[in-house]
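Undergrad: next come a sequence and a model predicted from it.
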Amino acid sequence: MPLPPEMLFHPEHLWVRPLPDGSALVGISRYAAERLGEVVYVDYPPPGTAIVQGVSFGSIESSKVVSDLVAPLSGQVLETSEGSDDAIAQLNADPEGAGWLLRITPVEDAQAQALMSTSTYRSRLGEQA
């Protein structure tokens, strides 16, 4: 499935999608979702929390494993998908779209330059973009 060209990926398999209002959505890649299996729980940081690029901001639990969620960018959490009744279902069904985890206000534009484009990320995984 084609992804928005502005979508960026962190080596720890999380993505960032900038939004027109200056905020950004954060989620896990399809690759990570497939490796995890069915997600059953996400430990979200509360809104207002500062997250730091490369540092764990929570965890994600599947039927197979519990993994850390590593921040692809530094920023402040504006909202999480936790309040949605079907957030986990959306995460399992569409991890690179409707299954986003956080909406953040990024603090440094320069950090995005260290992230991979969709095509670079897909190439790294040996997938077709």
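TA: In hand now; what should we look at? Numbers count the residues shown, from 1 in each chain.
Undergrad: going forward, measure contacts between C-alpha atoms and count neighbours the same way
TA: Noted.
Undergrad: so what's the spatially most central residue of the chain closest to, chain neighbours aside?
TA: In the chain, the C-alpha nearest the mean C-alpha coordinate belongs to Gly27, at 1.9 Å (C-alpha atoms, centre = their mean). Spatially, and ignoring its direct neighbours in sequence, Gly27 is nearest to Trp100 (4.5 Å; C-alpha to C-alpha, 6 or more residues apart in numbering).
Undergrad: doesn't that neighbour lie inside a strand?
TA: No: according to DSSP: H, G, I helix; E, B strand; the rest coil, Trp100 belongs to no strand; its state is coil.
Undergrad: my read is that it contacts Ser81, right?
TA: Yes: with contacts counted by C-alpha atoms under 8 Å, Trp100 reaches Ser81, the gap being 6.7 Å.
Undergrad: pLDDT-wise, which helix or strand of this protein ranks last?
TA: Within the chain, no helix or strand scores below helix 109-112, which has a mean of 83 by mean pLDDT, DSSP states H and E.
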